Every structure is written in C-alpha cells, then in structure tokens.
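1. The amino acid sequence is not available; the structure is as follows:
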C-alpha cells in the first residue's frame, strides 16, 4: 500500500507505506519513521482537538489538522497524533484513540 496524501494544507504532504510514514512540510522532510505495524492512519480535524483527552499537554498553536497513527487496533492507547507547528512536527498521545473523530 503506497500513497501520497495532500494533508494539513498545500504545503504539507504525507507519504506512507505499510510500515513507514514520511511527512514533508514546505518541501522539507520533517518526519520519516518506520513502524513494525500500522493498524490505522486517519486525519484528525483541528476543530475537534478541544474535545479530546490527551496524555500530557494538549497540542497548542497547531497549523491545521493532525494525523492519527494507530500501531495496534486492539489497544486504545496505541494512538499517536502528529501536528505541524511552525514547520516542526509535534506529537501527542490521546488517552483513547477510539474517542477521536478521525476522517
């Protein structure tokens, strides 16, 4: 499974395969990580962030929507959300990825 998705807005692109995710922001590789398994990838709308319970601080000053990466679909705590903040990648963890409203 290979794909390139237009994400966040036109300056941010994501490419992913069955085991790796790469994120470009303003044409620069900002995130390129291999995972042993990826169960789910989805967009998390910026408008839904206030209703999410996060482990640690909530994401602040994000430029747009987030990218949810779930490593184990059976584990509600295996989600990770990536955001772009000032052309840097910020990660945060939801208490339960199943409580998000991904698209």
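-> Okay, I see it. Source: prediction; values computed, not measured. Numbering: from 1, shown residues only.
2. For the rest of this, base every contact and every neighbour count on C-alpha atoms.
-> Noted.
3. Report the central residue of this structure.
-> Nearest to the geometric centre of the chain sits residue 67, at 2.2 Å (C-alpha atoms, centre = their mean).
4. how about the strands in the chain?
-> In the chain, the strands defined using DSSP state E lie at 3-7, 12-16, 20-25, 28-34, 40-44, 54-55, 66-70, 79-85, 88-94.
5. Report the angle between the third one and strand 66-70.
-> In other words, strand 20-25. With axes from the mean of the first three to the mean of the last three C-alpha atoms, to 10 degrees as the basis, strand 20-25 and strand 66-70 are set at 170 degrees to each other.
6. Identify each buried residue in strand 20-25, please.
-> The neighbour-count criterion (16 or more other C-alpha atoms under 10 Å) identifies 21, 22, 23, 24, 25 as the buried residues of strand 20-25.
7. again with the fifth one
-> Residues of strand 40-44 classed as buried by neighbour count (16+ other C-alpha under 10 Å): 41, 43, 44.
8. Remind me what it packs against, helices and strands.
-> Strand 40-44 sits against strand 66-70, with contacts defined as 3 or more C-alpha pairs under 8 Å, 6 or more residues apart in numbering; DSSP states H and E.
9. Can you tell me the strand partners of the strand it packs on and which way each runs?
-> For strand 66-70, the paired strands and their directions (DSSP bridges) are strand 40-44 (antiparallel), strand 79-85 (antiparallel).
10. Now do it, average pLDDT.
-> Summarised as a single mean, pLDDT over strand 66-70 is 90.
11. Go ahead and name everything in contact with that strand.
-> Contact with strand 66-70 is made by 8, 38-46, 78-84, 97, 102, as judged by C-alpha atoms under 8 Å, 6 or more residues apart in numbering.
12. That concludes my questions; thank you for your assistance.
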